[in-house]
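Q: Sharing a model that was predicted from the sequence below.
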Amino acid sequence: MIKELKDLVEISRFYGSDPDFVIAGGGNTSFKDDRHIWVKASGFSMNNIDIQGFVQLYRDKVKDTGKKKYSADPHQREVQVKEDLLTARVHPESGLRPSVETSLHEVIGYPFVIHTHPTLVNALMCSVSAEEKTKEFFGDEVLFVPYAPGYRLFKSVSALLGRYRKTHERDPQLIFLQNHGIFIGAGSVSEIKDLYDFVIGKIRKTVDEEPLLPVPKHPDTDLLTKGLLSMVPDKNNTIVIRHNSLHRYFYERTGRFNLISRPFTPDIIVYCGPAYLYSDKDDLSSVLSDLKNQWDAYLQKFKKQPKIILVKEYGLIAVEESKKPAETALGVFEDFMKISKYSEAFGGPHPMPEEEIDFIDRWEVENYRRNILRSANRISRKAR
Ligand SMILES: [Zn+2]
């Protein structure tokens, strides 16, 4: 294996195993030489990735996706782009699917490109003053890209890069994505790490980070779990409850839950769903009947069951098919809570627009990502 691919694996694991940068299956990485690009395969987690988790593609074929005319229907278009990316693979027999962000990696003019969703970067990216503060902190040498998903994001970054290249001699190394995360490009992995340190250090100066402190379990926690389980018709559901100072922050003041009632990033939708239940009732039977009403309304509206529930004095609850995805959903939601809280330093949170939430919720590519992680969980459960 060439040294650069070893570096790519190493840096992917480095950021992938740090929940302040990557949670669950989020983020992706690449290396390119003149002819080929190696991109993380869709559905693989960065924390334990090996070279087998990367897809090698012909760069000129990936470039073609930027010139082609695709369907005007966004869902149709994502499928067409996905098909074209599959034909760009050097080893189609691997069966691996390149990341949906492959074309974006290709267009950024640096050998290494490391894309993550860091909590602190997203505190800025999911805030109401994201663009203004990015300029203030990082100047005109960086790119700020308004929210867009999938192929639309790629087209938007290409257009902005085209404009940038007219007045600059080289590509921006920092590309900030509203309601999403960051792309960092460089010639070496050590330079990538320096840039990440620089970005995080700068944002950290403005944000009051607080440690998560455990809060004692409510004495009726087991009764609440039982009540919730009797509410869900599917007997395969597992309920996991956590209680800490971050959960308390969002229920201790009336109205604060509103700050996290709508998702800020696609990851939150993928792992926690498009909306969440909340009850601030005082006694257990009122909590349960309150949640029952909300549960039924959710089923009606989204045609699936909710995954995340916050209950005053009890904490944060995940409902999933087993313990592992429930823990993942809780981790992603806690990250979302931190992003919301930290975004107060930049004027408060800015959720995704309603139609974009809906788009991600229906997006087949994202469903694929969720499903491959699920089946990976299933396999590891069986192996145990
Ligand atoms: Zn991303």
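A: Thanks, I have the structure now.

Q: in the stretch 101-250 of the chain, which spans are helices?
A: With DSSP state H, counting those that start in this stretch as the criterion, the stretch 101-250 of the chain has helices at 102-107, 119-125, 130-138, 150-167, 189-204, 221-231, 245-251.

Q: who wins for proximity to Val332 among those?
A: helix 119-125 (11.0 Å; Cβ to Cβ). C-beta: built from backbone N, CA, C; applies to glycine.

Q: on that earlier part again, so can I have TSV of the helices of the stretch 101-250 of the chain showing mean pLDDT and mean neighbour count?
A: Shown next, in TSV, are the helices of the stretch 101-250 of the chain (pLDDT from 0 to 100; neighbours: other Cβ atoms under 10 Å):
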stretch	mean pLDDT	mean neighbour count
helix 102-107	96	25
helix 119-125	98	26
helix 130-138	97	17
helix 150-167	94	16
helix 189-204	98	16
helix 221-231	93	16
helix 245-251	97	18
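
Q: Just put those in JSON lines and tack on distance to Leu316.
A: Putting the helices of the stretch 101-250 of the chain into JSON lines (distance: least, Cβ to Cβ, whole Å) gives the following:
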{"stretch": "helix 102-107", "distance to Leu316": "33"}
{"stretch": "helix 119-125", "distance to Leu316": "16"}
{"stretch": "helix 130-138", "distance to Leu316": "26"}
{"stretch": "helix 150-167", "distance to Leu316": "30"}
{"stretch": "helix 189-204", "distance to Leu316": "25"}
{"stretch": "helix 221-231", "distance to Leu316": "12"}
{"stretch": "helix 245-251", "distance to Leu316": "5"}
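
Q: Compare the ones you listed and give me the one nearest Asn48.
A: Nearest to Asn48 among those is helix 189-204; the distance by Cβ to Cβ comes to 17.8 Å.

Q: Quick check: the gap between the nearest residue to Ile108 once chain neighbours are set aside and Tyr196.
A: In space, and not counting its chain neighbours, Ile108 is closest to Gly185: 4.7 Å by Cβ to Cβ, 6 or more residues apart in numbering. Remark: distance between Gly185 and Tyr196 (Cβ to Cβ, to the nearest Å) = 12 Å.

Q: So for those two, which residues contact both of them?
A: Here Gly185 and Tyr196 have Ile114 as joint contacts, going by Cβ atoms under 8 Å, 6 or more residues apart in numbering.

Q: from what I can see Ser261 touches Tyr278, true?
A: Yes - counting by Cβ atoms under 8 Å, Ser261 does reach Tyr278; the two are 7.3 Å apart.

Q: more crowded one of those two?
A: A side-by-side neighbour count of Ser261 and Tyr278, using other Cβ atoms under 10 Å, places Tyr278 first with 20 against 12.

Q: elements contacting the strand or helix carrying that one?
A: Per DSSP states H and E: Tyr278 is located in strand 277-279. With contacts defined as 3 or more Cβ pairs under 8 Å, 6 or more residues apart in numbering; DSSP states H and E, strand 277-279 has these neighbours: helix 284-302, strand 308-311.

Q: would TSV of these with distance to Phe176 be doable?
A: What follows is the helices and strands packed on strand 277-279, written out as TSV (distance: least, Cβ to Cβ, whole Å):
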stretch	distance to Phe176
helix 284-302	31
strand 308-311	27
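
Q: Quickly compare the ones you listed and say which is most buried.
A: Of the helices and strands packed on strand 277-279, the one with the most neighbours on average (mean count of other Cβ atoms under 10 Å) is strand 308-311, at a mean of 24.

Q: Which strands and helices lie in contact with that strand?
A: helix 245-251, strand 277-279, helix 284-302, strand 315-320, helix 323-342.

Q: Name every strand pairing with that strand and say which way it goes.
A: strand 277-279 (parallel), strand 315-320 (antiparallel) (DSSP bridges).

Q: how much space is there between Ser12 and Ala275?
A: Taken as Cβ to Cβ, the span from Ser12 to Ala275 is 32 Å.

Q: same question but for Ile308, I mixed them up
A: Distance from Ile308 to Ala275, by Cβ to Cβ: 9 Å.

Q: Ok, Asp222 next?
A: Taking Cβ to Cβ, one finds Asp222 at 27 Å from Ala275.

Q: ditto for Asn28
A: With Cβ to Cβ as the criterion, Asn28 and Ala275 are 27 Å apart.
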